[in-house]
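Asker: Following is a predicted model, sequence given first.
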There are 2 protein chains.
Amino acid sequence: MQAPPKESGRDEKSQAAEKMNDDDDDDDETRRRRRNPGLAVVVVHGGAWAIPDDLAEASMAGVKGAAVRAHELLSRGGGSALDAVEVAVKALEDDAAFDAGLRCRHSPSLALCHGSVLTEAGEVEMDALMMDGRTLRLGSVSCVQGVANPVSLARAVMEKTEHAMLTAAGAARFAEALGVARVPQRELVTEAARSEWERYRRYRHAVRALFSSERVHDTVGAVALDARGDVACATSTGGITNKMPGRVGDSPIVGCGGYADNAVGAVSTTGHGESIMKVTLARLILFHMEAGKSPDEATTLALSHMRDRVGGHGGAVVLGRDGRWGARCSTERMAWAAVAAGSLYYGLQPGEVHIEPLQ
Amino acid sequence: MQAPPKESGRDEKSQAAEKMNDDDDDDDETRRRRRNPGLAVVVVHGGAWAIPDDLAEASMAGVKGAAVRAHELLSRGGGSALDAVEVAVKALEDDAAFDAGLRCRHSPSLALCHGSVLTEAGEVEMDALMMDGRTLRLGSVSCVQGVANPVSLARAVMEKTEHAMLTAAGAARFAEALGVARVPQRELVTEAARSEWERYRRYRHAVRALFSSERVHDTVGAVALDARGDVACATSTGGITNKMPGRVGDSPIVGCGGYADNAVGAVSTTGHGESIMKVTLARLILFHMEAGKSPDEATTLALSHMRDRVGGHGGAVVLGRDGRWGARCSTERMAWAAVAAGSLYYGLQPGEVHIEPLQ
């Protein structure tokens, strides 16, 4: 279904937000949520970059499916915001249309798909972050190899250690201690990812070429608000083709790849990792929201700052504690989907909003 | 010299700040700095924790020496803010009184000193961050082994790669490619660090014990403002004794262990890494400064938030683009020193400010 023009989409969102936000008293709002878990909201993204046409359909199907699945867990399964963002991001990690985690054998359309990308050394290194808005606890893994679902490992760091972030061999050792199955690299890499690596490794400045050109395989992420009024975020990525071994981007970095705080809301970002790190994009968006901006306004301001100050592009899905949400990018495309107030929203181009009633 | 009571110290600082800040016009301010490089400011810290008496003297000597050396580079050597924070942090990394980098053979007082601490597996893993306030470019290394000066490796990541952060074996491989001498672990570890490790490894919850008790060996860091009006920050650490292998704390994380932006100022933090990450402490302090707070007010607000929201303690050295600066902690002690407006300032206990004329 083609969406109505952007303004109508935004109006419908605003109405839904107003409906949820007709009382400024936090306690009343929280009580109403407890009575009506249908107010739960999930927003997911599948990466902000110049998604080529041959990946667009699979990307949209992926984000829509992930958002619906996570929302079902919230609305019918009694799941928490943390459960919802984990389920959404795992679904995207398992989908070869996206550059994060993944078991290729599950992909229905391998020929079109990519999976996690390869470093200069031809290896897969993955990053992920999860954050709990109730306590500000976070779990993060960087440069981890051999796991299918880095987001779940990030959650285990948060819930089962005294630490917030584990990297490289230490993260892999932790996964092993947990009994997480080790996935051989061949299952984490598609033929398409290997061809792309072969193509780009010939260039001395492949990284720069990638960032400024059409094929950046980026990140997946999700934010959720549950019936208890708790928010959470999760982000996961395989990074960029031909990155240096050991390169860590924004995704696992708290305040950059994501942030969640019940007092404000939750954000998951995507785009040029090094630019996102320079402006701590997720935290910047939430600071604008703390200063009274809506999720859309806050995201637009922060993305403009990133473009103007450091020449970087990206996108974010954003959720306020009041249920208002936004999905914006300064790249050519970002696949995103949201489930809120009984409808499924989704889009690919900037300003494009499709709306369908939830099944 | 015993300092005057806190309020006098603060007054003197305020007067110096006012002197530097008597014109709100940025261009005029920048022009005046160009004419008078003596307005350059450096503030360094040697970690916020319950520094035991037997380390206090060495810690104070270390931070004072590092601040003076970095300021000389700024005021007489024509160095940049980046050069100054690198020189200061290298001086502290090379000093066995502090838990960061270090070549023990250079320490004058090994029996009292610690050096980088050991992970559960008995190894040294170090983290460092540097950030350039002109461009927001940053370089960071996490979980790096076998280098004496992680801060210089972080600077090389910033200046010689397309990336912002390298971790573990990838970071070590990058150091090797640069020709950085590999330092054997025995030179990175003092006898005291090994005894401490032996003592703590017997405890199942050693990390928790450490955080809540007296002996956290933390971080070193510096912020600087140079004659061109540019700011920079650097932070370096060996982390906490008996951390899990691969644990990454706040120090190398942009917005947590440090942040620098010519439009606002620069911060380097120290303390309980996982708490600092939860609140993105460095970025939070600068957000308060953007909202009009002084460095002292902004730091106090952010440290209070960290204590109230997540029960965490720490400290920070903070510098505004106008030359106003602060050094505050919510821990029992933080060794810090500053050179500004012709004087050397330093302190150890909260509220303690000693002032000496610069030699």
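Answerer: Looks like it came in fine.
Asker: For the stretch 101-250 of chain A, just list every one of the helices.
Answerer: In the stretch 101-250 of chain A, the segments counted as helices under DSSP state H, counting those that start in this stretch are A:150-160, A:168-178, A:191-200, A:206-212.
Asker: Ranked by average pLDDT, which of these falls at the bottom?
Answerer: Ranked by mean pLDDT, those bottom out at helix A:206-212, with a mean of 45.
Asker: which ones are touching the residue of the stretch 51-200 of chain A found nearest chain B?
Answerer: Closest residue of the stretch 51-200 of chain A to chain B, CB to the nearest CB: A:Gly170 (1.4 Å). C-beta: built from backbone N, CA, C; applies to glycine. Contacts were defined as CB atoms under 8 Å, 6 or more residues apart in numbering or on different chains; by that measure A:Gly170 touches B:125, B:143, B:168, B:244-247.
Asker: at 6 Å what do you get?
Answerer: B:245-246 (CB atoms under 6 Å, 6 or more residues apart in numbering or on different chains).
Asker: now do the one 5 residues further on
Answerer: Listed by CB under 6 Å, 6+ apart, the contact partners of A:Ala175 are A:147, A:153.
Asker: Can you name the residues of chain A sitting close to chain B?
Answerer: A:136, A:142-143, A:162-168, A:170-171, A:207-208, A:244-248, A:253-255, A:274, A:277-278, A:280, A:283, A:287, A:310 (CB under 6 Å from any CB of the partner chain).
Asker: Just the buried residues of the residues you listed.
Answerer: Buried residues within these, counting neighbours by 16 or more other CB atoms under 10 Å in any protein chain shown: A:136, A:142-143, A:162-168, A:170-171, A:207, A:244-248, A:253-255, A:274, A:277-278, A:280, A:283, A:287, A:310.
Asker: A:His313 and A:Thr331 touch, don't they?
Answerer: Yes: between A:His313 and A:Thr331 there is a contact under CB atoms under 6 Å: 4.8 Å.
Asker: Now do the same contact list for A:Val279.
Answerer: A:Met306.
Asker: how about 8 Å then?
Answerer: Per CB under 8 Å, 6+ apart, neighbours of A:Val279: A:302, A:305-306, A:309-310, A:312, B:136.
Asker: could I get those as TSV with secondary structure, pLDDT and distance to A:Val147?
Answerer: Output for the contacts of A:Val279, formatted as TSV (DSSP: H, G, I helix; E, B strand; the rest coil; pLDDT from 0 to 100; distance: CB to CB, whole Å):
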residue	secondary structure	pLDDT	distance to A:Val147
A:Ala302	helix	98	31
A:His305	helix	98	34
A:Met306	helix	97	30
A:Arg309	helix	98	35
A:Val310	helix	97	32
A:Gly312	coil	95	29
B:Leu136	coil	98	32
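Asker: Need those in CSV (columns: distance to A:Gly79).
Answerer: Putting the contacts of A:Val279 into CSV (distance: CB to CB, whole Å) gives the following:
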residue, distance to A:Gly79
A:Ala302, 29
A:His305, 35
A:Met306, 33
A:Arg309, 38
A:Val310, 37
A:Gly312, 34
B:Leu136, 38
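Asker: Select only the buried ones of those residues in PyMOL?
Answerer: To isolate the buried members of the contacts of A:Val279 in PyMOL, using 16+ other CB under 10 Å:
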select buried, (chain A and resi 302+305+306+310+312) or (chain B and resi 136)
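Asker: out of the contacts of A:Val279, who's nearest A:Pro184?
Answerer: Using CB to CB, A:Gly312 comes nearest to A:Pro184 of those, at 34.7 Å.
Asker: And A:Ala40, how far from chain B?
Answerer: 24 Å (CB to the nearest CB, to the nearest Å).
Asker: Disregarding flanking residues, what is the spatial nearest neighbour of that residue?
Answerer: A:Leu74 (3.8 Å; CB to CB, 6 or more residues apart in numbering or on different chains).
Asker: Might you report the residue contacts of the one you found?
Answerer: A:37, A:40, A:42, A:81, A:83-84, A:224, A:226-227 are the contacts of A:Leu74 under CB under 8 Å, 6+ apart.
Asker: change it to 7 Å
Answerer: Applying CB atoms under 7 Å, 6 or more residues apart in numbering or on different chains to A:Leu74 gives the contacts A:37, A:40, A:42, A:84, A:224, A:226-227.
Asker: per-residue pLDDT, it?
Answerer: Predicted confidence (pLDDT) for A:Leu74: 93.
Asker: same question, A:Arg324
Answerer: On the pLDDT scale, A:Arg324 gets 96.
Asker: ok, now the one 5 residues further on?
Answerer: Per-residue confidence at A:Cys329 stands at 96 (pLDDT).
Asker: Run through chain A and note the low-pLDDT ranges.
Answerer: By pLDDT under 70, the weakly predicted segments of chain A are A:1-38, A:99-121, A:188-190, A:192-218, A:239-242.
Asker: all strands of it, in order?
Answerer: A:41-49, A:126-132, A:138-144, A:165-167, A:220-225, A:231-237, A:258-261, A:265-271, A:314-320, A:325-329, A:333-340, A:343-347, A:354-357 (DSSP state E).
Asker: chain center to the longest one: distance?
Answerer: Put plainly, it is strand A:41-49. 5 Å (CA atoms, centre = their mean, to the nearest Å).
Asker: now do the shortest one
Answerer: Here strand A:165-167 is found 19 Å from its chain centre; the criterion is CA atoms, centre = their mean.
Asker: burial measure for the residue lying closest to A:Arg333 once chain neighbours are set aside, as a count.
Answerer: The shortest distance from A:Arg333 to any non-neighbouring residue, by CB to CB, 6+ apart, is to A:Ile51 (4.4 Å). If you count neighbours by other CB atoms under 10 Å in any protein chain shown, A:Ile51 ends up with 26.
Asker: Check A:Glu123 too.
Answerer: 16.
Asker: Please apply the same query to A:Arg321.
Answerer: As a burial measure, A:Arg321 scores 22 neighbours (other CB under 10 Å).
Asker: Report the contact partners of A:Val248.
Answerer: So A:Val248 contacts A:127, A:142-143, B:165, B:167 (CB under 7 Å, 6+ apart).
Asker: which of these lies closest to A:Gln349?
Answerer: Distances from A:Gln349 to the contacts of A:Val248, taken by CB to CB, are shortest for A:Asp127, at 27.0 Å.
Asker: between A:His313 and A:Thr331, what contacts are shared?
Answerer: A:Gly271.
Asker: and the spatially closest residue to A:Gly257 that is not a sequence neighbour, what does it touch?
Answerer: Nearest residue to A:Gly257 in three dimensions, chain neighbours excluded: A:Ser251, at 3.8 Å (CB to CB, 6+ apart). By CB under 7 Å, 6+ apart, the contact set of A:Ser251 is A:127-129, A:219, A:235-237, A:257, A:273.
Asker: dump the residue contacts of A:Ser152.
Answerer: A:86, A:90.
Asker: same check, this time on A:Trp336
Answerer: For A:Trp336, counting by CB under 7 Å, 6+ apart, the contacting residues are A:43-45, A:63, A:317, A:327, A:346-347.
Asker: now do A:Pro252
Answerer: With contacts defined as CB under 7 Å, 6+ apart, A:Pro252 is in contact with A:127-129, A:140-142, A:165.
Asker: ok, now with 6 Å
Answerer: By CB under 6 Å, 6+ apart, the contact set of A:Pro252 is A:127-129, A:140, A:142.
Asker: and if you look at A:Val41?
Answerer: With CB under 6 Å, 6+ apart, A:Val41 has these contacts: A:225, A:319, A:323, A:325, A:340.
Asker: number of nearby residues for the third one?
Answerer: Right, A:Gly323. Neighbours around A:Gly323, by other CB under 10 Å: 24.
Asker: now swap in the second one and tell me
Answerer: By other CB under 10 Å, 32 other residues sit near A:Leu319.
Asker: That one touches A:Ala327, doesn't it?
Answerer: No: between A:Leu319 and A:Ala327 there is no contact under CB under 6 Å: 9.8 Å.
Asker: list residues touching both of those two?
Answerer: The contact lists of A:Leu319 and A:Ala327 share A:Val43, where a contact means CB under 6 Å, 6+ apart.
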